[in-house]
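**Q** give me a 3D structure for the following:
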Amino acid sequence: MSVLKPLFLERIAQAKVWGGSGLNELFGICSDAEPIGETWELFDRADGCSSFRGGGTLREVMQRDPVALLGERVQPGFGGYFPLLFKFLDAQKPLSVQVHPNDAQAKAENDSGKSEAWLVLKAAPDAQIIRGFKPGVTREQFVAVASTEAIESLLYSFVPKVGDVIDVPANTVHAVGAGCVIFEVQQNSDITYRIYDWGRKRRMHLEQAMRVSRIEDGSRQPTVPSFALPDSTTQLIKTPHFRLRRVALLRPLTLPTRGAFLVVTVLGGTGTLGSSANRTDAPLQLSPGDCVLIPACIAEIYLSPIGSLDVALTDPGLD
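**A** Okay, the predicted model is just below:
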């Protein structure tokens with residue numbers, strides 16, 4: 001297998017107490033792991049990594065030629081792993097109120113920090129997103145009630161809409177409420193400190209959470225405004241760790257990689273993906289939920305809708 005071709009990723013599904021059937025309804029994702037709470041679409045961890053359709057793994061490619069995969073200007077993540085992790089989440093019950101450490105704080109646990117961003121794919125009329133605190137909440141108030149039901153009155157929440165993008169930097173107290181299906185891009189980390197779990201009897205991590213939590217007014221721009229770019233895509237968010245764009249296609253589009261990896265995630269519709277790597281190869285057939293990693297050494301890709309095609313595009317966000 002050559003790193004010079006687009007790499008079609010195989011997902012793994014994980015059962016969660018808060019999961020449901022939303023990913024099956026949107027993408028036809030089903031699994032023996034039920035209810036499905038999340039799928040890992042692209043991951044490279046010490047305890048496992050993404051496999052490719054046709055053979056090989058992301059870890060093998062990262063070890064063999066990280067520059068060809070990531071790009072000359074892109075550094076591997078902590079421990080030499082791929083720097084990002086991609087998920088779909090189906091929250092039919094609320095996730096725990098939680099927080100993640102930043103890079104410096106995560107070193108003690110031998111991992112990267114965890115900043116993330118969410119793209120809302122489905123939202124019930126009564127769905128909720130929790131991000132930060134209501135105006136005026138103090139650290140003393142938070143610490144006094146963190147593990148109790150009283151914390152609910154301190155948290156800032158809002159009703160999300162389909163298409164909303166939420167920035168969740170490390171140190172931000174947050175939760176995905178019931179009724180949301182989300183596409184998540186995050187730093188490659190698996191550290192979560194639970195603060196409150198809605199009465200479920202799972203382990204909390206209050207000492208660690210108190211140490212890393214930031215008290216911020218969540219009512220200040222809870223969602224991120226998007227804007228059109230000259231390349232026909234829409235920029236949804238740009239963070240210090242990644243850039244997320246989206247494009248809905250009714251006609252073919254050529255996109256350059258500009259010397260950095262690109263991840264194509266199909267949010268809806270069908271189409272094909274070809275590349276400058278080998279023009280004689282048949283293009284990849286794309287279906288909803290598919291995730292394809294484009295190595296940096298590929299100069300450009302060609303997306304062609306069959307009817308319509310809606311994709312998310314994630315790259316390191318290099319200028």
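
**Q** contacts and neighbour counts: CA atoms only from here.
**A** Will do.

**Q** okay, now the unreliable bits of the chain?
**A** 1-3, 279 (pLDDT under 70).

**Q** which residue lies farthest from the center of it?
**A** residue 280 (32.6 Å; C-alpha atoms, centre = their mean).

**Q** against residue 16, how distant is it?
**A** Separation of residue 280 from residue 16 (C-alpha to C-alpha, to the nearest Å): 43 Å.

**Q** quick check: domain ranges of the chain?
**A** 7-212, 227-315 (automatic domain parsing).

**Q** distance from the first one to the middle of the chain?
**A** Going back to what we said before, that points to domain 7-212. 7 Å (C-alpha atoms, centre = their mean, to the nearest Å).

**Q** name the SS class of the nearest residue to residue 149 once chain neighbours are set aside, please.
**A** In this structure, residue 149 finds its nearest non-sequential neighbour in residue 198, 7.3 Å apart by C-alpha to C-alpha, 6 or more residues apart in numbering. Judged by DSSP: H, G, I helix; E, B strand; the rest coil, the three-state class of residue 198 is coil.

**Q** next, the contact list for residue 198, please.
**A** 94, 96, 149 (C-alpha atoms under 8 Å, 6 or more residues apart in numbering).

**Q** quick one on the thing from earlier: would you mind measuring from the residue farthest from the centre of the chain to residue 69?
**A** Counting by C-alpha to C-alpha, the gap from residue 280 to residue 69 is 21 Å.

**Q** nearest residue to residue 185 in space, please, no chain neighbours.
**A** residue 86 (4.8 Å).

**Q** that neighbour touches residue 43, doesn't it?
**A** Yes. Using C-alpha atoms under 8 Å, residue 86 makes contact with residue 43 at a distance of 6.7 Å.

**Q** still on that earlier bit, quick check, nearest of the contacts of residue 198 to residue 181?
**A** residue 94 (11.4 Å; C-alpha to C-alpha).

**Q** how many neighbouring residues does that closest one have?
**A** When neighbours are counted by other C-alpha atoms under 10 Å, residue 94 registers 22.

**Q** what of residue 174?
**A** Count around residue 174 with other C-alpha under 10 Å applied: 25.

**Q** how about residue 187?
**A** Residue 187 has 24 nearby residues by other C-alpha under 10 Å.

**Q** settle this for me: it is touching residue 111, isn't it.
**A** No. With contacts defined as C-alpha under 8 Å, residue 187 does not count as touching residue 111, sitting 10.2 Å away.

**Q** tell me which residues touch residue 309, please.
**A** Taking C-alpha under 8 Å, 6+ apart as the test, what residue 309 contacts is 248-250, 266-271.

**Q** re the thing from before, so the residue farthest from the centre of the chain, which state does it fall into?
**A** When classified by three-state DSSP, residue 280 comes out as coil.

**Q** show the contacting residues for it.
**A** No residues are in contact with residue 280 under the rule C-alpha under 8 Å, 6+ apart.

**Q** next one: phi and psi at the residue nearest to residue 185?
**A** According to degrees, to the nearest 10, the main-chain angles of residue 86 amount to phi -120, psi 140.

**Q** and what of the one 3 residues further on?
**A** Phi and psi for residue 89, reported as degrees, to the nearest 10, are phi -120, psi 140.

**Q** quick one: contacts for it?
**A** 23, 37-39, 180-184.

**Q** can you give me the distance of it to residue 120?
**A** 10 Å.

**Q** swap in residue 18?
**A** For residue 18 relative to residue 120 (C-alpha to C-alpha), the value is 17 Å.

**Q** ok, residue 81 next?
**A** Counting by C-alpha to C-alpha - residue 81 and residue 120 are separated by 27 Å.

**Q** repeat that for residue 212.
**A** 26 Å.
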